[in-house]
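Asks: What shape does this take:
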Amino acid sequence: MNLRRLSSVDPGFEAAFRELVAVETQDDRAVEQAATAIVDEVRARGDAALLEFTQRFDRIAASAVADLEIAPSELHAALAGLTAEDRAALEAAAKRIRDFHERQRESTWTFTEPDGTVLGQRIRPLASVGVYVPGGLAAYPSSVLMNVIPAQVAGVERIVMVSPTPQGQRNPHVLAAAALAGVSRVFAIGGAQAVAALAYGTQTVPRVDKIVGPGNAYVAAAKRRVFGVVGIDMIAGPSEILIICDGKTDPDWIAFDLFSQAEHDERAQAILLTPDAAFIDKVQAAIARLLDRKSVV
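Replies: The predicted model follows:
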């Protein structure tokens, strides 16, 4: 747990804070170059490049991309294997997400002007969507539900999910969420190579109309690179959060809010600003305690 404490009354505070929040553009350029090279390779060589990058970055020596597709039976087995508490949590989250997005649905409408001109709006779902679910440093079943369910509500027929499984380790909660959400196909691939596969298609991975979901800096760079070939939701991550608190809030709430962005990427920044030094001690204790809880996902 790497926590840094700064005090605004210290002589070197201004310089230290500028250093803390500074963006390293040199690293960004290197990431962009690497992601572009990966995307171009997958676009040119398809499955062969996808296999090479999966072996290099995830250390999975598959003989064919088809071996990286996760069968529906494995997804449903993961769902069946959850504890009753975990399954109930996923189902409750899925219901709340679906209920919310059902209220966002737009409808087709038209009207005719006196001269006979017909105007209106036609709402049609995309044919296919690719959902990227992070899986390198941590697992995010919430990313499955929050991206797949809105697409289903919109009427998307084919939803392809990709998620890295370093050294072949497949997270049961992510697989269970995919089963619960009803994903069409799931591939154990990640990184810029997965984004490229979804954008251009390979011999095995189908091309999609839009790519959604968060990822690390390489995923973000790849999404930026393929935008225009496919639609994307946004360039997400590394993320940051600044919480300004008077010290009267439950320390656990502050800790969870800091976690909400810190979990996304090693380069993410989570900053708490408060005039109460003793409150910082309470938040730090809450962070240590919550991280030690085995039940926290």
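Asks: tell me the SS of I243?
Replies: Three-state call for I243 (DSSP: H, G, I helix; E, B strand; the rest coil): strand.
Asks: Then V186?
Replies: With three-state DSSP as the basis, V186 sits in strand.
Asks: list the contacts for it?
Replies: Residues near V186 by CB atoms under 8 Å, 6 or more residues apart in numbering: E69, I70, L75, V160, M161, V162, S163, L175, A178. All C-beta spots, glycine's among them, are computed from the backbone N, C-alpha and C.
Asks: among those, which two are most distant?
Replies: The span of those, defined through CB to CB, is set by V160 and L175 at 14.9 Å.
Asks: how far away is the residue nearest to the spatial centre of the chain from G190?
Replies: By CA atoms, centre = their mean, the mean C-alpha position of the chain lies nearest to P214, the distance being 2.7 Å. From P214 across to G190, the span is 12 Å (CB to CB, to the nearest Å).
Asks: Same check on T117?
Replies: 50 Å.
Asks: Tell me the one of the contacts of V186 nearest Q284?
Replies: S163 (32.3 Å).
Asks: In this structure the residue nearest to the centre of the chain contacts G135, no?
Replies: No: applying CB atoms under 8 Å, one finds P214 not in contact with G135, separated by 11.3 Å.
Asks: Where do the domain boundaries of this protein fall?
Replies: 35-99+119-232, 238-292 (automatic domain parsing).
Asks: Redo those as TSV? Include distance to A22 and mean pLDDT.
Replies: Converted to TSV, the domains of the chain look like this (distance: least, CB to CB, whole Å; pLDDT from 0 to 100):
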stretch	distance to A22	mean pLDDT
domain 35-99+119-232	16	95
domain 238-292	10	88
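Asks: Indicate which one of those is closest to P11.
Replies: domain 238-292 (17.4 Å).
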